[in-house]
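Visitor: Below: sequence and its predicted model.
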Amino acid sequence: MKLIIFIVLQSICTVLGMGLMHSVLDGRNASAKEMAVALWSVNGVAGIALLLASFVLTTMALTFTRVSVFVPLSTGVVFLITLVYAALAHGEKVSLSMTIGMALIVAGIWVVTSQQGK
């Protein structure tokens, strides 16, 4: 259960951090000045803070679980949270095939975490 909590928190920080970074960087030139202005905005600083929190949570989780367990689970949860974020924040439609895929990811997460202690 501890692993799932870390992964969910890490994934939320990752997706929200990336969402904030996208909101401040989308459509800007890649010049150093444009990037600096964007990154020092409230959303830019919040995005950086969330991505840093994601890094810290990842590092902490790797102290008590294997990389071969953490990375696939984290990747799956990030995918699920990204779909929810895209639907809520950007009004993107979630198709039937995406819903089936999410269910398979959740099933896979359950299988992997149920075997972790064995």
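Guide: All right, it came through fine. Being a predicted model, the structure only gives us computed values, none of them experimental.
Visitor: all contacts plus neighbour counts: C-alpha atoms, from now on.
Guide: Will do.
Visitor: Show me where this structure has its helices.
Guide: Remark: helices assigned in the chain by DSSP state H are 2-25, 32-39, 42-61, 67-90, 96-115.
Visitor: okay if I get the ones you listed as CSV plus mean pLDDT and mean neighbour count?
Guide: Formatted as CSV, these follow (pLDDT from 0 to 100; neighbours: other Cα atoms under 10 Å):
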stretch, mean pLDDT, mean neighbour count
helix 2-25, 94, 19
helix 32-39, 85, 14
helix 42-61, 96, 18
helix 67-90, 89, 16
helix 96-115, 82, 13
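Visitor: Excluding covalently adjacent residues, which one is nearest to Thr65?
Guide: Spatial nearest neighbour of Thr65, excluding adjacent residues (Cα to Cα, 6 or more residues apart in numbering): Leu3 at 7.6 Å.
Visitor: my read: that neighbour touches Ala61, true?
Guide: Yes. The criterion here is Cα atoms under 8 Å, and Leu3 meets it with Ala61 at 6.8 Å.
Visitor: Backbone dihedrals for Gly27, please?
Guide: Geometry field for Gly27 lists phi and psi as phi 80, psi 0, criterion degrees, to the nearest 10.
Visitor: That one and Ala38, how far apart?
Guide: Counting by Cα to Cα, to the nearest Å, the gap from Gly27 to Ala38 is 11 Å.
Visitor: Tell me the residues that contact both of the two, please.
Guide: Overlap between the contact sets of Gly27 and Ala38, as judged by Cα atoms under 8 Å, 6 or more residues apart in numbering, is nil.
Visitor: Leaving out sequence neighbours, find the closest residue to Pro69.
Guide: Residue 69: Val, not Pro. Spatial nearest neighbour of Val69, excluding adjacent residues (Cα to Cα, 6+ apart): Val112 at 7.1 Å.
Visitor: No more questions from me, cheers.
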